[in-house]
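> Mind folding the following:
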Amino acid sequence: SWTGGPNGIAGIPTPTIGGFDFANGVTLFGVELPFQANFYYLILAVVLVEYIVAKRLHMSKIGLAWNAIRDDEIAASCQGIDVTGYKIMAFYTNAFFDGLVGAIYAFSVGFISPENFAFMLSVIVIAMVLVGGMGNTVGVIIGAVLLTLIPEKLQVVEAYRLWLFAIIMLVMLLVRPRGLFPQQVRQYQ
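Take a look at the predicted model:
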């Protein structure tokens with residue numbers, strides 16, 4: 001009953017940060033923007049912070065260990081990398097950022113239920129990473145933009161939209177298996 005079960009949680013109030021209420025519209029350069037603009041700018045700030053954190057992690061010892069585990073888990077283990085520990089660290093780092101963005105989503109919508117997160121959403125997120133290039137933060141952002149725009153443009157052929165999406169993904173995996181913007185090889189000094 002605490003989570004609302006299949007009915008979800010309704011009536012989630014908008015947050016207030018430092019006296020600023022996200023439920024109120026904002027005036028920017030004399031233009032009155034709706035309250036949704038507050039969440040847009042908040043998400044932009046969160047994406048910027050997450051980008052900086054991802055770049056710092058990638059260039060650190062942790063990122064090097066994650067890359068080694070991704071490329072060859074057995075070889076990484078033979079080199080003394082604690083594979084289990086680094087996998088757990090990757091999991092909770094990802095869970096933290098997912099939880100942060102999920103909380104912002106819940107606040108912006110005001111309602112959350114299991115139907116908000118269908119299986120197809122997970123497929124689309126994985127497709128965004130594959131198209132953008134696994135391990136390249138900018139590539140994943142570009143992949144997310146592309147896979148947000150392409151399905152909207154394919155609504156003209158609604159009956160075949162998922163088929164076209166699947167064909168695009170298959171061609172992508174055959175032609176560019178590392179994505180449009182593959183991860184750059186680290187240069188060591």
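
> Touching, Leu130 and Gly143? I think so.
Yes. With contact defined as Cβ atoms under 8 Å, Leu130 reaches Gly143; the gap is 7.4 Å. In this view, the C-beta of every residue, glycine as well, is placed from N, C-alpha and C.

> middle-most residue in the protein, spatially?
Of all residues in the chain, the one closest to the mean position by Cα atoms, centre = their mean is Val125, 6.8 Å from it.

> That residue sits in which helix or strand?
Element membership for Val125 (DSSP states H and E) is helix 119-132.

> Between Leu130 and Gly143, which contacts overlap?
The contact sets of Leu130 and Gly143 overlap at Gly179 (Cβ atoms under 8 Å, 6 or more residues apart in numbering).

> Between those two, which is the more surrounded one?
More neighbours surround Gly143 than the other of Leu130 and Gly143, with 24 against 20 (other Cβ atoms under 10 Å).

> Just give me the neighbour total for Ile39.
Not Ile; residue 39 is Phe. 18.

> buried residues in the helix holding Val125?
Ala127, Met128, Val129, Leu130, Val131, Gly132 (16 or more other Cβ atoms under 10 Å).

> want to throw those residues into JSON lines with distance to Leu33 and pLDDT?
What follows is the buried residues of helix 119-132, written out as JSON lines (distance: Cβ to Cβ, whole Å; pLDDT from 0 to 100):
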{"residue": "Ala127", "distance to Leu33": "32", "pLDDT": "84"}
{"residue": "Met128", "distance to Leu33": "27", "pLDDT": "86"}
{"residue": "Val129", "distance to Leu33": "31", "pLDDT": "86"}
{"residue": "Leu130", "distance to Leu33": "35", "pLDDT": "85"}
{"residue": "Val131", "distance to Leu33": "31", "pLDDT": "85"}
{"residue": "Gly132", "distance to Leu33": "29", "pLDDT": "85"}
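
> nearest to Ala95, of these?
Nearest to Ala95 out of the buried residues of helix 119-132 is Val129 (Cβ to Cβ; 16.2 Å).

> Now the longest helix seen in the chain: average pLDDT?
In the chain, assigned by DSSP state H, the helix with the most residues is helix 83-109. Helix 83-109 shows a mean pLDDT of 92.

> who does that helix touch, helix- and strand-wise?
Counting contacts by 3 or more Cβ pairs under 8 Å, 6 or more residues apart in numbering; DSSP states H and E, helix 83-109 packs against helix 36-58, helix 61-71, helix 73-78.

> and the angle for the first one with helix 61-71?
Counting by axes from the mean of the first three to the mean of the last three Cα atoms, to 10 degrees, helix 36-58 points 80 degrees away from the direction of helix 61-71.

> Can you give me the buried ones in helix 36-58?
Asn38, Phe39, Leu42, Glu50, Ala54, Leu57, His58.

> for the second one, same thing?
Judged by neighbour count using 16+ other Cβ under 10 Å, the buried positions of helix 61-71 are Gly63, Leu64, Ala65, Trp66, Ala68, Ile69.
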